[in-house]
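[1] below are the sequence and a predicted model; questions follow.
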Amino acid sequence: MSSSAGMRIAGWPRGRVFGMWIAVAVVSGLSAALGYQLLGDPSSGHSGAFAQGFAAGALLAMVADTMLPEAYETEQGFTGSWVAIGFAISLILSSL
């Protein structure tokens with residue numbers, strides 16, 4: 001949502017913003033289908049672990065790129081510690 005608002009502020013027409021998100025959805029769907037065909041069922045075997053590890057890394061990269069700068073403005077030096085604690089809690093909860 002914030003990306004769309006930023007594009008509108010930058011002067012992108014509404015149709016171009018909508019078209020870009022349609023293209024992102026189509027490419028994401030095709031990539032998921034291709035990955036499933038190439039790597040097999042992600043819930044079994046080593047390819048599943050690879051796919052889940054890659055997805056987790058992508059999510060961490062997104063969080064680091066978009067949310068950490070805003071969090072640093074508020075928390076200053078504790079931002080990294082809070083991220084590490086949150087990540088550890090998520091690992092613990094996922095193992096339950």
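    Happy to help now that I have it.
[2] where exactly do the strands run in this protein?
    Remark: no strands are assigned in the chain by DSSP state E.
[3] how close does the residue sitting nearest the centre point of it sit to Asp65?
    Centre of the chain computed as the mean C-alpha position; nearest residue by CA atoms, centre = their mean is Leu59, 3.4 Å away. Distance, Leu59 to Asp65, by CB to CB, to the nearest Å: 11 Å. (C-beta placed from N, C-alpha, C; glycine too.)
[4] which regions of this structure lie under the pLDDT threshold?
    In the predicted model of the chain, residues 1-2, 40-47, 75 satisfy pLDDT under 70.
[5] how does it look with 90?
    In the predicted model, the chain carries pLDDT under 90 at residues 1-9, 12, 31-88, 90-92, 94-96.
[6] domain parsing for this structure?
    When the chain is parsed with automatic domain parsing, its domains come out as 1-39, 43-96.
[7] ok now the shortest one, how far from the chain's centre?
    In this case it means domain 1-39. When C-alpha coordinates are averaged (CA atoms, centre = their mean, to the nearest Å), domain 1-39 and its chain have centres 13 Å apart.
[8] please identify the buried residues of that domain?
    Buried residues in domain 1-39, counting neighbours by 16 or more other CB atoms under 10 Å, are found at Met7, Val17, Gly35.
[9] run through the residues that contact the residue nearest to the centre of the chain.
    With CB atoms under 8 Å, 6 or more residues apart in numbering as the criterion, no residue contacts Leu59.
[10] and Thr79, how close does it get to Ser28?
    In terms of CB to CB, Thr79 sits 29 Å off from Ser28.
[11] please disregard the earlier target; I meant Ile89.
    Counting by CB to CB, the gap from Ile89 to Ser28 is 28 Å.
[12] again with Phe87
    Phe87 is 24 Å from Ser28, by CB to CB.
[13] Phe87: neighbouring residues, count only.
    By the measure other CB atoms under 10 Å, the count of residues near Phe87 is 13.
[14] oops, could you answer that again for Ala51 instead?
    Ala51 has 19 neighbours, counted by other CB under 10 Å.
[15] that one contacts Leu38, correct?
    No. Using CB atoms under 8 Å, Ala51 is not in contact with Leu38; the gap is 10.0 Å.
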